[in-house]
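Engineer: Predicted structure and sequence below. I'll ask about it afterward.
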Amino acid sequence: YGFVGYEMKRKRKAPALLALGISAALLLASCGKNGDRQDTEPGEIQPLGKQKIICYDVTVSAPYMEDLVSVFNAQSSTTEVEMRYLEDSDYEDEIARVLESGEKPDILWLRQPSKSNRMAEAGGLYDLSDMVTRSSLDISKYGQSLDIVQLDERIYSLPFIQNIWLLFYNKDIFDELQLEYPGQMTWEEYAQLAVKINGTDPDDVRWGGYLPIWVPNLGALELGEYLYDDELPATMDFLTLMDRLYNKDHSHPNPTEMEEIYAPGYDTFLDGKIGMMINGDWTIQILQNLEAFRTENCRWDAAPLPLTNGAEAGTSIGSNSYLAVYSQSRYPENAFEFLEFCCGEEGASILAARYCFPSYFTESGRENYMQNVDFAQTGFFFDAILQNEEGKHVLYQDMRDIFDREATSYLKGEKSLDQAMKDYMQTRNALQK
């Protein structure tokens, strides 16, 4: 489920250290700690005449991955997939340990493009380019989500699941206050609407909105401005807006207050204490799961992410997770067979039925999703002009961590905006050298 996306943003590890760990693991693996790499032998097959391959993913992916594996294993005459799951919050550390141990898994789940690019550059991923060319995949259906993980025009991973940022709103609150349900708004209109909602419950706390702190350049991304750009004017403008929402209008819980309603505000939203919530589409599944165990819930719906002035109408921010074949896999052809299934048309239909946005866009996937998710503006999810949440730079995750730290210091009042941006630019420039 898209909850992966949430954990991804909340519990990132230090990327430079992870890079060293994965690089060391790759070095040990290439030295043949458990024996030299071998090609598939004609007689080296599993029972039922099928070759077993190992795929690693995170535990929260199990429901839809088990669906995919079940269908694939039933129809493949050559390959049998065995899933192994690692805890999401420790996935990068744990997968580095797996590789360091000398184990040679066949398929790896990668949560962001920078992970794919970094591993590919270190020699950790199998070059899929020729197999993709021979496959039935129409790579145009991936859009820019594939472009961002191509190195020297070679393909090392395939886009799997896409996340999109949305505006969730409490219909009960809007009806009570006789406010029109949100459609496409600007961030300024969103800020003004949050003020109207804020504090309108005489008997309890009611926030106008909830804006997570973990992508503090969200509005700038709508304009295609990334953290490696020479100048970051839109990024500074969005930080100023966040400061207004958190600390001046106080229509949103500030970073300290958000820590008290961690997870991030899902139960608080269902309790009717938040009018609007900016979050990713993974929120749909999380809210529905929570509702099943609660006696009282608000009525809610979703609308497009507010727009920065100058952004093209219909723009939103999104990210993709990826599947890749490990470079030391003994069975890359079998592994690719499963990738082609998961990241192609058949996989897209199964994922869409599980409330996931497949990265591989198909009309049948769209229909399956819209049948399962009954929201007024569901069509927007598929028609949005998606800007990647991450830039292509191989060190982008490092830049995000540095920027997040400086942005938080500003939004908590520990630094001025100018000082925080100056410190970010200095540290970023040193990193690039």
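Structural biologist: Arrived safely.

Engineer: Can you pull the poorly scored residue ranges out of this protein?
Structural biologist: In the predicted model of the chain, residues 1-48, 261-264, 363-366, 368-382 satisfy pLDDT under 70.

Engineer: now the strands for it?
Structural biologist: All strands of the chain, identified by DSSP state E, fall at 51-58, 79-86, 107-110, 150-151, 154-155, 158-170, 207-210, 274-280, 300-304, 315-325, 357-358, 385-388.

Engineer: Mind giving me the packing neighbours of the fourth one?
Structural biologist: Same thing as strand 150-151. Applying 3 or more Cβ pairs under 8 Å, 6 or more residues apart in numbering; DSSP states H and E, we find strand 150-151 packed against helix 113-121. From N, CA and C alone the C-beta is placed, and that goes for glycine too.

Engineer: Same check on the longest one?
Structural biologist: The elements that strand 158-170 packs onto, with contact taken as 3+ Cβ pairs under 8 Å, 6+ apart, are helix 144-147, strand 274-280, helix 282-291, strand 300-304, strand 315-325, strand 357-358.

Engineer: between it and strand 274-280, how big is the angle?
Structural biologist: Strand 158-170 and strand 274-280 meet at an angle of 170 degrees, taking axes from the mean of the first three to the mean of the last three Cα atoms, to 10 degrees as the criterion.

Engineer: what is the orientation angle of strand 158-170 with helix 282-291?
Structural biologist: Put simply, strand 158-170 runs at 60 degrees to helix 282-291, going by the same axes, to 10 degrees.

Engineer: residues in contact with Asn309?
Structural biologist: Shown in contact with Asn309 (Cβ atoms under 8 Å, 6 or more residues apart in numbering): Thr186, Trp187, Glu188.

Engineer: Please convert the buried members of those residues into PyMOL selection syntax.
Structural biologist: This is how PyMOL selects the buried members of the contacts of Asn309, with burial counted by 16 or more other Cβ atoms under 10 Å:
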select buried, resi 187
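
Engineer: In helices, which of the contacts of Asn309 fall?
Structural biologist: Trp187, Glu188 (DSSP state H).

Engineer: Take the contacts of Asn309 and write them to a markdown table, including distance to Ile95.
Structural biologist: Listed next are these as a markdown table, based on distance: Cβ to Cβ, whole Å:
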| residue | distance to Ile95 |
| --- | --- |
| Thr186 | 41 |
| Trp187 | 37 |
| Glu188 | 43 |
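
Engineer: Identify, from the contacts of Asn309, the entry nearest to Glu92.
Structural biologist: Closest approach to Glu92 among the contacts of Asn309 (Cβ to Cβ): Trp187, at 32.4 Å.

Engineer: ok, the closest one touching Arg244?
Structural biologist: No. Using Cβ atoms under 8 Å, Trp187 is not in contact with Arg244; the gap is 9.9 Å.

Engineer: Touching both of the two, which residues are there?
Structural biologist: Common neighbours of Trp187 and Arg244 (Cβ under 8 Å, 6+ apart) do not exist.

Engineer: May I see the helices and strands packed on strand 158-170 organised as a markdown table, with distance to Leu221 and mean neighbour count added?
Structural biologist: Listed next are those as a markdown table, based on distance: least, Cβ to Cβ, whole Å; neighbours: other Cβ atoms under 10 Å:
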| stretch | distance to Leu221 | mean neighbour count |
| --- | --- | --- |
| helix 144-147 | 13 | 18 |
| strand 274-280 | 13 | 26 |
| helix 282-291 | 18 | 18 |
| strand 300-304 | 15 | 21 |
| strand 315-325 | 5 | 25 |
| strand 357-358 | 18 | 26 |
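
Engineer: So which of those is nearest His252?
Structural biologist: Once the helices and strands packed on strand 158-170 are compared by Cβ to Cβ, strand 274-280 is nearest, at 8.8 Å.

Engineer: by how many degrees do the closest one and strand 300-304 diverge?
Structural biologist: Going by the same axes, to 10 degrees, strand 274-280 makes 50 degrees with strand 300-304.

Engineer: tell me what strand 274-280 is packed against?
Structural biologist: Strand 274-280 packs on helix 3-10, strand 158-170, helix 187-197, strand 207-210, going by 3+ Cβ pairs under 8 Å, 6+ apart.

Engineer: give me that answer again for 7 Å
Structural biologist: strand 158-170, helix 187-197, strand 207-210 (3 or more Cβ pairs under 7 Å, 6 or more residues apart in numbering; DSSP states H and E).

Engineer: ok, the last one: who's next to it in the sheet?
Structural biologist: Sheet pairing for strand 207-210, assigned by DSSP bridges, gives strand 274-280 (parallel).

Engineer: Likewise for the first one?
Structural biologist: According to DSSP bridges, strand 158-170 has the following sheet partners: strand 274-280 (antiparallel), strand 300-304 (antiparallel), strand 315-325 (antiparallel), strand 357-358 (antiparallel).

Engineer: Out of the ones you listed, which is closest to Ser145?
Structural biologist: That would be strand 315-325 among those, by Cβ to Cβ, at 4.4 Å.

Engineer: To Lys433, which of the helices and strands packed on strand 274-280 lies closest?
Structural biologist: Per Cβ to Cβ, nearest to Lys433 of the helices and strands packed on strand 274-280: strand 158-170, 31.4 Å.

Engineer: mind putting the strands paired with strand 158-170 in TSV, distance to Ser251 included?
Structural biologist: Converted to TSV, the strands paired with strand 158-170 look like this (distance: least, Cβ to Cβ, whole Å):
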stretch	distance to Ser251
strand 274-280	9
strand 300-304	17
strand 315-325	21
strand 357-358	29
